[in-house]
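**Q** make a model of this:
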Amino acid sequence: MNAPEPLRPAVPGGRIMLVGLGPGAHEHLTARARAAIAEADTVIGYVTYIRLVAELLEGKEVIKKSMTEELDRAIEALERARQGRKVALISSGDAGVYGMAGPTFEVLFQAGWTPGSGIEVEIVPGASALNTCAALVGAPLTHDFCAISLSDLLTPWPTIARRLDAVAYADFVVALYNPKSGRRTGQIREAQRIFLRHRAPETPVAIVKSAYRPKQRIELSTLARMAEADIGMLTTVLIGNASTFVREGLMVTPRGYANKYAVDAGARATRDGEHSGHSLSTGLDGWLEAIRASGRSAAELAAEYHLPEYYVCSALVNDATGG
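**A** Sure thing, here's the model as predicted:
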């Protein structure tokens with residue numbers, strides 16, 4: 001890979017469109033993504049992604065790159081845009097979620113690019129794997145969630161492990177990207193081991209491979225058994241939180257309405273002590289009032305609520321505005 005040359009005056013009209021293809025099926029390609037590909041003189045992408053939109057590429061210059069050549073793709077896009085060409089640099093999912101947007105801006109800034117330097121850059125969003133995989137298995141992301149890539153090609157494993165431990169402890173629903181490859185087989189088991197320190201073995205897990213593509217495969221499993229599943233680079237693993245359940249083949253994470261409303265009664269009646277349109281009685285103000293009236297030490301409260309003791313100490317002495 002050659003470093004990008006310092007930015008020289010660009011031929012007018014040069015443009016880079018960072019296009020998210022979504023899961024890959026044409027019916028899930030946004031209208032803007034389809035239009036961007038149609039406008040492009042040159043289309044650049046990983047060979048598998050090029051194959052997903054092959055029917056849309058007639059008459060265009062097509063540059064195929066391998067999986068590990070992200071910076072080369074970005075440099076090629078910059079070179080073509082300098083020549084006044086319109087370039088569609090494609091990613092599966094969303095270009096800004098583990099996609100080509102980040103590497104492209106790194107290359108552009110290294111070359112001295114600015115938004116006013118004559119090359120226009122547009123990011124065309126698409127549905128990321130966590131969205132598409134969630135849609136196939138139910139509603140697992142309807143409460144707080146995050147995404148973590150298990151690829152250690154660019155990120156040190158201790159950094160990944162620290163993040164896994166933090167989100168497992170904090171009870172996020174988690175989407176694991178890049179969970180396994182031919183060379184990287186141990187990372188998914190390490191992630192499982194970390195999560196089992198904080199979560200029950202029966203925690204629901206969804207394993208979705210090649211979502212909305214011809215070889216799509218969906219498996220509902222548990223945290224204890226997830227590493228036994230068929231997992232590869234085209235797989236996304238969704239790990240539920242303490243409230244996630246599976247019913248009728250669907251994985252669902254409750255939003256929390258049952259904390260406020262008696263939903264099981266068939267009517268939207270608020271529970272005792274709760275008020276529609278207001279924070280829960282255990283929200284910030286109610287919680288602060290309760291702990292300050294408890295007479296208990298910060299250490300005891302920290303243990304009960306699984307919070308850092310320094311935070312409980314500050315909550316006991318400061319008001320909600322930080323005063």
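**Q** now do the helices in the stretch 151-300 of the chain.
**A** For the stretch 151-300 of the chain, the helices defined by DSSP state H, counting those that start in this stretch occupy 157-170, 187-196, 284-294, 298-305.
**Q** quick one, which of those helices is nearest to Glu27?
**A** Glu27 lies closest, by C-beta to C-beta, to one member of the helices of the stretch 151-300 of the chain: helix 187-196, at 30.7 Å. C-betas here are computed from N, CA, C, even on glycine.
**Q** got the contact list for the closest one?
**A** 150-152, 157, 160-161, 164-165, 168, 174, 176, 179-180, 203, 223-224, 226-227, 231, 237, 239 (C-beta atoms under 8 Å, 6 or more residues apart in numbering).
**Q** tell me the buried residues in that helix?
**A** For helix 187-196, the buried set under the neighbour-count rule, 16 or more other C-beta atoms under 10 Å, comprises Gln187, Ile188, Ala191, Gln192, Ile194, Phe195.
**Q** among the contacts of helix 187-196, which ones are buried?
**A** 150-152, 160-161, 164, 168, 174, 176, 179-180, 203, 223-224, 226-227, 231, 237, 239.
**Q** and Val167, how many neighbours?
**A** Neighbour count of Val167, defined by other C-beta atoms under 10 Å: 22.
**Q** shouldn't it be in contact with Leu176?
**A** No. Contact between Val167 and Leu176 fails when scored by C-beta atoms under 8 Å: they sit 10.3 Å apart.
**Q** okay, and the common contacts of those two?
**A** Residues touching both Val167 and Leu176 (C-beta under 8 Å, 6+ apart): Ile148.
**Q** reformat the helices of the stretch 151-300 of the chain as JSON lines; add distance to Val53.
**A** Below are these laid out as JSON lines (distance: least, C-beta to C-beta, whole Å):
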{"stretch": "helix 157-170", "distance to Val53": "31"}
{"stretch": "helix 187-196", "distance to Val53": "30"}
{"stretch": "helix 284-294", "distance to Val53": "48"}
{"stretch": "helix 298-305", "distance to Val53": "50"}
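**Q** would you turn these into a markdown table with mean pLDDT?
**A** As requested, the helices of the stretch 151-300 of the chain are exported to a markdown table (pLDDT from 0 to 100):
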| stretch | mean pLDDT |
| --- | --- |
| helix 157-170 | 98 |
| helix 187-196 | 97 |
| helix 284-294 | 95 |
| helix 298-305 | 96 |
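**Q** so, low pLDDT: which residues of the protein?
**A** Within the chain, the segments meeting pLDDT under 70 span 1-10, 263-268, 319-323.
**Q** which SSE is Ala135 in?
**A** For Ala135, the element it lies in under DSSP states H and E is helix 129-137.
**Q** who are the packing partners of that helix?
**A** With contacts taken as 3 or more C-beta pairs under 8 Å, 6 or more residues apart in numbering; DSSP states H and E, helix 129-137 sits against strand 173-177, strand 204-209, strand 217-222, strand 235-239.
**Q** any chance of those in CSV, plus distance to Ser281?
**A** Shown next, in CSV, are the helices and strands packed on helix 129-137 (distance: least, C-beta to C-beta, whole Å):
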stretch, distance to Ser281
strand 173-177, 25
strand 204-209, 29
strand 217-222, 33
strand 235-239, 30
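**Q** relative to Val246, which of the ones you listed is closest?
**A** strand 204-209 (4.9 Å).
**Q** partners of that closest one, with directions?
**A** Sheet pairing of strand 204-209 (DSSP bridges) gives strand 217-222 (antiparallel), strand 235-239 (antiparallel).
**Q** who's in contact with it?
**A** 129, 133, 136-138, 140, 215-223, 225-226, 229-232, 234-240, 244-246, 251.
**Q** can you do 6 Å?
**A** Residues from elsewhere that reach strand 204-209 (C-beta atoms under 6 Å, 6 or more residues apart in numbering): 133, 136-137, 217-223, 226, 229, 234-240, 244, 246, 251.
**Q** now swap in stretch 33-49 and tell me
**A** 17, 19, 56-57, 60-64, 73, 76-77, 80, 85-90, 92, 124.
**Q** gap between the two ends of stretch 259-279?
**A** Across its full length, stretch 259-279 reaches 11 Å between end residues, using C-alpha to C-alpha, to the nearest Å.
**Q** wait, stretch 116-126
**A** End-to-end distance for stretch 116-126: 26 Å, by C-alpha to C-alpha.
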